[in-house]
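J.: this one's structure only:
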């Protein structure tokens, strides 16, 4: 259930501690409302342990695909990529091969942590000047205008070639079977598809409806969904691989077939022949075969930063990932353990820090190929101390921190119809670690290309229209995405991979999972089950780039904690239990020699971890 739909069903309004924050039309909060939030502790699942390997992902069948590849002798990268190919089948409302897959990989052979770029390029023809001539002030989240080159296939194949061991056609087998044999519809997918029945999949995007609806209606829970079009594309990649002269040559042939051959041509031909009205007056794609052919997957050393005895690695500023590093650098100056887990002081401190670091994200981050992001300053002790000095220990800073001229939005609240993400982690006994956050190419964002099983990603909506800004639209540039896998060392040793879906909230929930373990000594599943919170006091990455000034969304908390946060000025928005994210985590326990993992039972309840 979407956030505001849930609140309406409860009849609950934002809880506001000071009158000047309340709008004239907002009712006063009763004492009964203030004291309603108590929820008993509950542990949903055990932590999975194994000596060989553990896979955790956003769907149990994707996790099983990874385990199947491990059984064939693959390493953590082989298994993770098999799970990734499967997730594009199993979670079409959150992920597709037309989308992205930022990935972190630690290789024990080189003793280095690498980032696989996994975010596509904008069309060469799409410029701020062109948009101005068309009187388009921002890029919408639906239709072709925000479409970028698909990056997921390039990311997975590049990672497999450099860090995996098994043939591409073997790694594709589980996903191909899911495409042709089908998988049962689960409640979250059925609920999502029910929102498309009236017109979206029956009139606007009929090919999407041909695959995902049954006689114009969402299928029932347990009915099978089959995607032979996507299966055919996976088979074409396998065919290209098999004619290669070597494993590496075969994988490159598969990449070339997708980006330079018949698959790319089918996509370009279709989006030029099937117009889609996006509300701007534009109905055509600006992507070309040249854009596809020029796409390149970059492999670079990950961005790392120390937090006490941990070293945390993230992808660079082509994602929001460094915001976690900035937040940890500021939090390092506080005694979080002394504050107590999810105490009012702890939550207040965490939220107030993230208000500043997320606004830094919006000001400074962008594709490093086009701009210089000042991480030497943003991750410095001096800068962190400066941010700490701006935080009032007992009162929320609800003043506006963002610059409206970056966004050209109508100042609306966050877009609840934005797509989402999924996640996967895998660790093996050899020491390989993989963390990836696949997303984009959502089935409601663009037409499905017949015979290909792909929708183009609309990640271009994340560009800013202000020339000269690090994240401003430029031809061939990567938009700064929200997708943000995490990989951590402990005491100088490779330790844990983790991540979650959630758009702007990914690093907010991710950092809470990390701190639950690192600061509060929780087991993996206790850390995943624990109540989490998030702020929206910054401009959202998705169109229409809204912000909710002072809002703090929370799963159930004890009434005294909620009341104290209200008194500090936070606008408290209650959420249903187990609402926030589907975080996955897998780690090496160097004390026991075991690999431990878990997958959150929150949100869609499909995430799962298994050991081999």
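T.: Received it, and whenever you're ready, just let me know what you need. Bear in mind that the values here come from a model prediction, so they are computed numbers and not experimental data.

J.: only C-alpha atoms for contact and neighbour calcs from this point on.
T.: Noted.

J.: hmm, residue 116 and residue 102 touching each other?
T.: Yes: if you go by Cα atoms under 8 Å, residue 102 and residue 116 touch, sitting 5.9 Å apart.

J.: which one's more surrounded, those two?
T.: residue 102 (28 against 23; other Cα atoms under 10 Å).

J.: quick check: closest non-adjacent residue to residue 217.
T.: In space, and not counting its chain neighbours, residue 217 is closest to residue 197: 5.6 Å by Cα to Cα, 6 or more residues apart in numbering.

J.: report the buried residues of stretch 580-594.
T.: Within stretch 580-594, the residues that count as buried by 16 or more other Cα atoms under 10 Å are 580-588, 594.

J.: which of those lies closest to residue 266?
T.: In terms of Cα to Cα, no member of the buried residues of stretch 580-594 lies closer to residue 266 than residue 582, at 34.2 Å.

J.: residues in contact with that closest one?
T.: When contacts are counted by Cα atoms under 8 Å, 6 or more residues apart in numbering, residue 582 touches 58, 422, 500-501, 599-605, 607.

J.: out of these, who's the most crowded?
T.: That'd be residue 599 among the contacts of residue 582, by other Cα under 10 Å, with 36 neighbours.

J.: low-scoring stretches of the protein, by residue?
T.: Along the chain, the parts satisfying pLDDT under 70 run over 1-43, 404-419.

J.: how does it divide into domains?
T.: 61-299+425-462, 301-417+491-611 (automatic domain parsing).

J.: among the buried residues of stretch 580-594, which lie within strands?
T.: Among these, the members falling in strands (DSSP state E) are 584-588, 594.

J.: could you dump those into JSON lines with distance to residue 450 added?
T.: Shown next, in JSON lines, are these (distance: Cα to Cα, whole Å):
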{"residue": "584", "distance to residue 450": "33"}
{"residue": "585", "distance to residue 450": "36"}
{"residue": "586", "distance to residue 450": "37"}
{"residue": "587", "distance to residue 450": "41"}
{"residue": "588", "distance to residue 450": "43"}
{"residue": "594", "distance to residue 450": "46"}
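
J.: closest to residue 193 among those residues?
T.: residue 584 (24.9 Å).

J.: wait, that closest one touches residue 425, no?
T.: Yes: contact criterion Cα under 8 Å: residue 584 and residue 425 qualify, at 6.7 Å.

J.: on that earlier part again, what is the neighbour count of the residue nearest to residue 217?
T.: 18.

J.: residue 609 versus that one, what's the distance?
T.: 33 Å (Cα to Cα, to the nearest Å).

J.: check residue 541 too.
T.: 30 Å.

J.: looking at those two, which one has more neighbours?
T.: Counted by other Cα under 10 Å, residue 541 and residue 609 do not tie: residue 609 has more neighbours, with 31 against 25.

J.: checking the more buried one next. Helix, strand or coil?
T.: strand (DSSP: H, G, I helix; E, B strand; the rest coil).

J.: can you check which residues contact both of residue 584 and residue 425?
T.: Joint contacts of residue 584 and residue 425 (Cα under 8 Å, 6+ apart) are 56-57, 498-499.

J.: closest one of those to residue 548?
T.: residue 499 (24.3 Å).

J.: might one say that that closest one is in contact with residue 434?
T.: No: between residue 499 and residue 434 there is no contact under Cα under 8 Å: 10.9 Å.

J.: Provide the contact partners of the lengthiest helix in the chain at residue level.
T.: If you go by DSSP state H, the chain has its longest helix at helix 344-364. Here helix 344-364 makes contact (Cα under 8 Å, 6+ apart) with 320, 323, 326-327, 330-331, 336, 339-340, 373-374, 387-388, 391, 393-394, 396-397, 401-402, 469-471, 508, 533-535, 537-539, 552, 561-562, 564-565.
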